[in-house]
Structure formats: structure tokens, C-alpha cells
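Please find the sequence and the predicted model below.
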Amino acid sequence: MKKIYTLIFLLYSFSASSQVVINEVYGGGGNAGSTYKNDFIELYNNGSSAVSLAGWSVQYASSTGTTWAVTNLTGSIPAKGYYLIQQAAGTGGTTNLPTPDATGSIAMSGTNGKVILCNVTTAQTGADPVGTQIIDKVGYGTGTNGFEGTGPTATLTNTTSAQRTPIGFDSNNNSSDFTTGTPSPTNAGGGADTTPPTISALSPANGA
């Protein structure tokens, strides 16, 4: 399965972004039935060299919200590597995340919401911020009004995350770039994630 994802990535690499992308989003941490105790956001670096994240941030808003909560980033993300941002914990769950590369306190929705990666730490405004400061954007779940492309990802649950499939691929269309599956957080020291996701649902086609 991993070989198939890699082949797909190579075939489409000419059209995919080479920047740092939001690779996985999970908001069900600590909720009923969850395995992990915390929400998390995982980044992936498609490039061939490390990228400094100093002065960058990840930001979250509710599915139709206009107020953005900010987690500042530090350090760097390795080439072809990951960066794990731990967010708020719930009262459930049984397993800690791998050691995070950054830690915030944002309580993300387990079903739908919006996440942006910015090269600034200033909180953004509006339902769907735009501009050169926005490095990547992911809207997840039905009814979310900020996303890339034709629509948000499928709705998540306490046991599923939104994951780029194949890893790191970005055609700037959340509805087709992401699938949902078992959360698989990886930090900067974790190397390549060789475990393919367990896909439970494909994002619906626009208008479906």
C-alpha cells in the first residue's frame, strides 16, 4: 500500500506543492472512544531541505467561526519529515501523543473546523483568511466555510483524522487531497511514516 501511495505521489509531483503542508488534522483527542488523549496537527515538508518555522504559527477556528486561536511554532521541520503540534487534552483517551515539536492549548472540534498554517504569528480574521501569509489551509467536516478547492474534507469522528493521501500531496483541493482514517501522529524525530492509514471514508465529491 505504501508503495502505491509513493508511486501516486511521484506521478503527480509535477502539480503538487513543494512547500510545508498541513498533513493531518485530528480534533477528537480525549473524547469518548478516542485512543489519543490530545488533539493534534501534523505538518509535512515536501522539500529537499529543512525549513525554519521560527515566526510561523498554526491557527484554528470553528467551522463557521471568524476568530482564530494561535499556536506559535519554533525550530525547524526536516526535509521529507514531519512536525507534530499537540493541542488540548480531553478527559478520555488512553495514549499520549509522540513527543510533540510544539504545544498549544486549542480545543479543536472532533467533527468539523478550520486550520491554517501561517508564516506570521498574528491572529487572522474572517471566516476564510487569504493572503501570502497563508501557507496552507484545511477545512474539515460538513458545513465548514473555509477550505482550499471545491470543498472541505469529510466529517471526522473521535476515532478518525483527516490525512493527506498520499502523504504530503497537495493539489490545493481539500475534498480530494484528504481521506479519513485512524490517527497516525508523527513528530520531527519519527522519520518517514511507513504505516499506511486505515481509510474509513473518502471525501465526498463536490455537490454529492
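Arrived safely. Just so you know, these numbers come straight off a predicted model, no measurement behind them.

Tell me which stretches of the protein form helices.
With helices called from DSSP state H, the chain shows them at 2-12, 174-177.

Least confident of those helices, on average?
Of all the helices of the chain, the minimum mean pLDDT falls on helix 2-12 (a mean of 43).

and stretch 40-60, how far apart are its ends?
Taking Cα to Cα, to the nearest Å, stretch 40-60 runs 11 Å from one end to the other.

residues near residue 186, how many?
Other residues near residue 186 come to 24 when the count uses other Cβ atoms under 10 Å. Glycine gets a C-beta too; all of them are placed from N, C-alpha and C.

Assess the claim that it and residue 40 are in contact.
No: the pair residue 186 / residue 40 is not scored as a contact, 10.0 Å apart, by Cβ atoms under 8 Å.

tell me, what's touching those two both at once?
residue 84 (Cβ atoms under 8 Å, 6 or more residues apart in numbering).

remind me which residues of the protein are low pLDDT?
1-18, 191-208 (pLDDT under 70).

what are the ranges of the strands in the protein?
Ranges of strands within the chain are 20-26, 38-45, 51-52, 57-62, 69-72, 76-77, 82-89, 102-103, 113-118, 134-140, 161-164, 178-181, 199-202, based on DSSP state E.

which one of those strands lies closest to residue 95?
In terms of Cβ to Cβ, the element of the strands of the chain nearest to residue 95 is strand 38-45, at 9.5 Å.

who does that closest one pair up with?
Neighbouring strands of strand 38-45 in its sheet, by DSSP bridges, are strand 20-26 (antiparallel), strand 82-89 (antiparallel).

quick check, distance from the first one to the centre of its chain.
Translated: strand 20-26. Mean C-alpha position of strand 20-26 versus that of the full chain (Cα atoms, centre = their mean, to the nearest Å) differs by 2 Å.

Make JSON lines from the strands of the chain and add distance to residue 124 and mean neighbour count to it.
Rendered in JSON lines, the data for the strands of the chain read as follows (distance: least, Cβ to Cβ, whole Å; neighbours: other Cβ atoms under 10 Å):
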{"stretch": "strand 20-26", "distance to residue 124": "14", "mean neighbour count": "26"}
{"stretch": "strand 38-45", "distance to residue 124": "15", "mean neighbour count": "27"}
{"stretch": "strand 51-52", "distance to residue 124": "20", "mean neighbour count": "15"}
{"stretch": "strand 57-62", "distance to residue 124": "6", "mean neighbour count": "24"}
{"stretch": "strand 69-72", "distance to residue 124": "8", "mean neighbour count": "18"}
{"stretch": "strand 76-77", "distance to residue 124": "21", "mean neighbour count": "20"}
{"stretch": "strand 82-89", "distance to residue 124": "17", "mean neighbour count": "24"}
{"stretch": "strand 102-103", "distance to residue 124": "18", "mean neighbour count": "18"}
{"stretch": "strand 113-118", "distance to residue 124": "7", "mean neighbour count": "25"}
{"stretch": "strand 134-140", "distance to residue 124": "8", "mean neighbour count": "23"}
{"stretch": "strand 161-164", "distance to residue 124": "20", "mean neighbour count": "28"}
{"stretch": "strand 178-181", "distance to residue 124": "21", "mean neighbour count": "23"}
{"stretch": "strand 199-202", "distance to residue 124": "29", "mean neighbour count": "14"}
